[in-house]
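Enquirer: Kindly generate the corresponding structure for this input.
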Amino acid sequence: MPHNAFYAQSGGVTAVINASAAGVIAEAKAHPDTIGTLYAGRDGIIGALTEELIDITAESESDLAALLHTPSGAFGSCRYKLKSIEEHRTQYERLIEVFRAHDIRYFFYNGGGDSQDTAHKVSQLSEKMGFPITCIGVPKTMDNDLPITDCCPGFGSVAKYTAVSILEASFDVASMQRTSTKVFVMEVMGRHAGWVAASAGLARDERGMGPDIILFPEVPLDESRFLEQVDRVVAERGFCMIVVSEGAKDAAGEFLSSSGSTDAFGHAQLGGVAPVIVNKIKQHAGYKCHWAVCDYLQRAARHIASKTDVDQAYELGRAAVRYAVNGDNAVMPVVVRESDLPYRWHIDKAPLSEVANVEKCLPTDFISDDGFHITDKARRYLSPLIEGEAYPPYQNGLPAYRTLKKSVIPKKCAEFYDL
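Expert: Here you go, the predicted structure:
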């Protein structure tokens, strides 16, 4: 007898998280004897707590097909971490209550480390509460910091955007450096892991364009040595291109841009590191500087997505459903790299217990000895992940992105206010 399933998107969205949703939906439809109706949470896990379950069958086939090329979270996402089971069982009990009311026995949670932790805990508690739920994590994070998997859906497209952006900015600054900007600083995401910053290094080639200096979270800033490097580059070529991760730290290990507050997941809220770096340079040498923050632009840029990234996101969504119907529980599909050139990969699985709340930082041997660039090993790893173009369809000069109806089914449980 088939049982229903629930899918939710979590945390910061990416250019390809909807491709994973498309994979989950397509594969769920292929198993009607096992999976009945697939619902989606309105605004992520909050949709389960408030019993706002989106009826995916109410969406048109063309709109669902368009998920493959539409950025952000089509069903809504959220930064919301459930409290620990030990301290607060109510939220987990509420999830089980809603799932039981709608005969939901399959839970697909599309997110990063915190989300995989939630899926793992639900799988454990549901068993104890007498309503076992098969919980499968679907990897997603543009930060590329989930363990075990070769890479994370969302990262390849951000890496491509980052490398292209610093390359194009280099041409801009080079053409004006004699009478205008001498130093350009581009800030990218990455609180503790410098994967996105490292990807900018792919733009550096024999032409001398791309970043001259990359500041990683993994390498505490030696301010005097950094400023000496800026001076050296400006003296040699007339201008200096810098990429800095938002999580760059000082010699004491403190965030250069910490605002002193935290987000909904308990992570440090950062206030913008690019202007901090620019101020240091101006005070030191008085160069004319310009800075930019990629921020949401880099993770929403579906128009320049990596085909590798899109393909992996979709196939990982499909694999999540296959693992569920085959009897696996508390696992996450992962990408396994077989070779760099040509890039070959396949999908395997990892226990959620080994994925949850584990952060994978940039390996030491991916960072050059001077701490300001990437190594050849990093380039071999990163290069295949930005390969290929997967342009969305265009209409009137703009990408033809779709939005969904997001019709919510009738509720069966009492209102829930403990959020």
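
Enquirer: show me the contacts for the spatially closest residue to residue 115 that is not a sequence neighbour.
Expert: Spatial nearest neighbour of residue 115, chain neighbours left out: residue 10 (4.1 Å); criterion: Cβ to Cβ, 6 or more residues apart in numbering. (C-beta placed from N, C-alpha, C; glycine too.) Neighbouring residues of residue 10 by Cβ atoms under 8 Å, 6 or more residues apart in numbering: 44-45, 77-78, 80, 109-112, 114-115, 118, 140.

Enquirer: what do you get for residue 393?
Expert: When contacts are counted by Cβ under 8 Å, 6+ apart, residue 393 touches 69, 399-400.

Enquirer: what is the rounded mean pLDDT of stretch 63-82?
Expert: Averaging pLDDT along stretch 63-82 yields 95.

Enquirer: try stretch 191-202
Expert: Stretch 191-202 comes out with an average pLDDT of 96.

Enquirer: Between its first and last residues, how far does that stretch reach?
Expert: In stretch 191-202, first residue to last residue: 20 Å (Cα to Cα, to the nearest Å).

Enquirer: How far does it sit from its chain's centre?
Expert: Chain-centre distance of stretch 191-202: 13 Å, with Cα atoms, centre = their mean, to the nearest Å.

Enquirer: about what we covered before: can you turn the buried part of the contacts of residue 393 into a PyMOL selection?
Expert: In PyMOL, this line selects whichever of the contacts of residue 393 come out buried by 16 or more other Cβ atoms under 10 Å:
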select buried, resi 69
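
Enquirer: In CSV: the contacts of residue 393, plus secondary structure.
Expert: Below are these laid out as CSV (DSSP: H, G, I helix; E, B strand; the rest coil):
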residue, secondary structure
69, helix
399, strand
400, coil
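
Enquirer: Could you measure from the closest residue to residue 234 other than its chain neighbours over to residue 169?
Expert: If the residues on either side of it in the chain are set aside, residue 234 comes closest to residue 240, at 5.1 Å by Cβ to Cβ, 6+ apart. Noted for residue 240: a distance of 12 Å to residue 169, by Cβ to Cβ, to the nearest Å.

Enquirer: What degree of burial does residue 384 show, as a neighbour count?
Expert: Using other Cβ atoms under 10 Å, residue 384 is surrounded by 21 other residues.

Enquirer: how much space between it and residue 313?
Expert: For residue 384, the distance to residue 313 equals 15 Å [Cβ to Cβ].

Enquirer: that older thread, show me which of residue 240 and residue 169 is the more surrounded one.
Expert: Between residue 240 and residue 169, counted using other Cβ under 10 Å, residue 240 has the larger neighbour count: 26 against 21.

Enquirer: pLDDT below threshold where in the stretch 51-200 of the chain?
Expert: Counting by pLDDT under 70, the stretch 51-200 of the chain shows low-confidence ranges at 86-88.

Enquirer: re earlier: which one of the contacts of residue 10 has the most neighbours?
Expert: That'd be residue 110 among the contacts of residue 10, by other Cβ under 10 Å, with 35 neighbours.

Enquirer: element containing it, please.
Expert: strand 104-111 (DSSP states H and E).

Enquirer: what's that strand in contact with?
Expert: 3-11, 17, 20-21, 24, 35, 39, 44-45, 98-99, 115-116, 118-119, 122-123, 132-138, 140-141, 317, 320-321, 324.

Enquirer: Out of those residues, list just those in strands.
Expert: In this view, the contacts of strand 104-111 that belong to strands under DSSP state E are 3-9, 35, 39, 134-138.

Enquirer: Make a markdown table from those residues and add distance to residue 359 and neighbour count to it.
Expert: Below are those laid out as a markdown table (distance: Cβ to Cβ, whole Å; neighbours: other Cβ atoms under 10 Å):
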| residue | distance to residue 359 | neighbour count |
| --- | --- | --- |
| 3 | 34 | 16 |
| 4 | 33 | 17 |
| 5 | 29 | 29 |
| 6 | 27 | 26 |
| 7 | 25 | 27 |
| 8 | 22 | 31 |
| 9 | 20 | 30 |
| 35 | 32 | 20 |
| 39 | 31 | 26 |
| 134 | 26 | 21 |
| 135 | 21 | 26 |
| 136 | 21 | 30 |
| 137 | 15 | 35 |
| 138 | 18 | 30 |
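
Enquirer: closest to residue 187 among these?
Expert: Closest approach between those and residue 187, by Cβ to Cβ: residue 9, at 25.4 Å.

Enquirer: What's the local residue count around the nearest residue to residue 302 once chain neighbours are set aside?
Expert: Distances taken as Cβ to Cβ, 6+ apart place residue 71 nearest to residue 302, at 3.7 Å, with adjacent residues excluded. Number of residues near residue 71 (other Cβ under 10 Å) recorded here: 22.

Enquirer: mind listing what residue 71 touches?
Expert: Per Cβ under 8 Å, 6+ apart, neighbours of residue 71: 13-16, 18, 300-302, 401.

Enquirer: What average pLDDT does stretch 350-359 get?
Expert: Stretch 350-359 comes out with an average pLDDT of 94.

Enquirer: all numbers from here: first residue = 860
Expert: All set: I'll call the first residue 860, so the last point we hit is now stretch 1209-1218.

Enquirer: follow-up on the earlier one: farthest pair within the contacts of residue 869?
Expert: Distance extremes for these: the farthest pair is 939 and 999 at 15.2 Å, using Cβ to Cβ.

Enquirer: picking up where we left off before, residues shared between the contacts of residue 1099 and residue 1028?
Expert: residue 1043.

Enquirer: Would you map out the domains in this structure?
Expert: 862-1000+1162-1217+1246-1258, 1014-1159 (automatic domain parsing).

Enquirer: right, and the ones you listed - which one's nearest residue 1228?
Expert: domain 1014-1159 (10.9 Å).

Enquirer: what about that closest one, distance to the chain center?
Expert: Domain 1014-1159 sits 19 Å away from the centroid of its parent chain (Cα atoms, centre = their mean).

Enquirer: any idea where the helices of the stretch 1060-1209 of the chain begin and end?
Expert: Using DSSP state H, counting those that start in this stretch, the helices of the stretch 1060-1209 of the chain run over residues 1082-1096, 1133-1144, 1155-1159, 1166-1184.
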